[in-house]
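Undergrad: I need the structure of the sequence given here:
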Amino acid sequence: MSDSAETAHEISRTNGPSSTGRTLVERHYLSLNDPALFSPGTPPTRSATLRALDQTAITEWRALYKRVGAPWRWYDRDAWTDERLANYLAQPQVIAFAVDSPPLLDGGMLELHQHPDHSVEIVYLGLISELFGHGLGAWLLGEAVRLAWERGAKRVWLHTCSLDAPSALPNYLARGFTIDRTETYSIDAAV
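TA: This next block holds a predicted model:
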């Protein structure tokens, strides 16, 4: 295990329920400021493609969000009304994709948001468990970075937390992202 992988493993943990019934979570903000620093990793052992999601297909977006994100407690958009989600996705600075890896359709998702400061945020990036272990996480991150730079990004950034897949943070670090800051917060352990 490399130094960065050991560091990622050490800080990518959920401390578990405390005596108060709360779970401590670590959130890491990471960035990539130069496309030359991106390391694509080894090619995936399974083919996959990105399919742009129609900005008006709210039902499809919600189903994909739930399918990919449920194991990792992606719940923040559940509270959004369909109108709010449609308005958000219709913005020209937001693009969303499904990941298809035949015969599996909707096996992952990617959402990017370009901000006024010319940074591009990787808002959502994830795969269903059936696609784990094929190098598709590194491939998907590579596609996100490529699309961000194509959109004129001066910086690509994201955040991940100890509730995400254990391979998420090591993947970001191995690809050349660096941790800008870390924060700790707690959630209800029952969530």
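Undergrad: ok, now how distant is the residue nearest the centre of the chain from G69?
TA: Nearest to the geometric centre of the chain sits L125, at 2.8 Å (C-alpha atoms, centre = their mean). From L125 across to G69, the span is 10 Å (C-beta to C-beta, to the nearest Å). The way it works is simple: take the backbone N, C-alpha and C, and place the C-beta from them, glycine included.
Undergrad: repeat for L158
TA: In terms of C-beta to C-beta, L158 sits 14 Å off from G69.
Undergrad: same question, S31
TA: 22 Å.
Undergrad: next, count neighbours for R151.
TA: If you count neighbours by other C-beta atoms under 10 Å, R151 ends up with 14.
Undergrad: picking up where we left off before, what touches both of L125 and G69?
TA: Listed contacts common to L125 and G69 are M109; contacts here mean C-beta atoms under 8 Å, 6 or more residues apart in numbering.
Undergrad: off-centre distance for stretch 91-109?
TA: 12 Å (C-alpha atoms, centre = their mean, to the nearest Å).
Undergrad: apologies, that question was intended for stretch 72-88.
TA: Worked out by C-alpha atoms, centre = their mean, stretch 72-88 lies 16 Å from the chain centre.
Undergrad: quick one: S47 is in a helix?
TA: No - using DSSP: H, G, I helix; E, B strand; the rest coil, the assignment for S47 is coil, not a helix.
Undergrad: need the longest helix for this protein.
TA: Counting by DSSP state H, the longest helix found in the chain is helix 136-150.
Undergrad: just the CA atoms of it, as PDB, please.
TA: Provided in PDB are the C-alpha atoms of helix 136-150 (Å, rounded to 0.1, in the frame of the first residue of the first chain):
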ATOM      1  CA  LEU A 136     -14.500   1.700 -13.600                       C
ATOM      2  CA  GLY A 137     -14.200   4.000 -10.600                       C
ATOM      3  CA  ALA A 138     -10.900   5.400 -12.000                       C
ATOM      4  CA  TRP A 139     -12.300   5.500 -15.500                       C
ATOM      5  CA  LEU A 140     -15.400   7.400 -14.300                       C
ATOM      6  CA  LEU A 141     -13.300   9.900 -12.400                       C
ATOM      7  CA  GLY A 142     -11.100  10.300 -15.500                       C
ATOM      8  CA  GLU A 143     -14.200  11.000 -17.600                       C
ATOM      9  CA  ALA A 144     -15.400  13.600 -15.000                       C
ATOM     10  CA  VAL A 145     -12.000  15.300 -15.100                       C
ATOM     11  CA  ARG A 146     -11.900  15.300 -18.900                       C
ATOM     12  CA  LEU A 147     -15.400  16.800 -19.100                       C
ATOM     13  CA  ALA A 148     -14.500  19.400 -16.500                       C
ATOM     14  CA  TRP A 149     -11.400  20.600 -18.300                       C
ATOM     15  CA  GLU A 150     -13.300  20.700 -21.600                       C
END
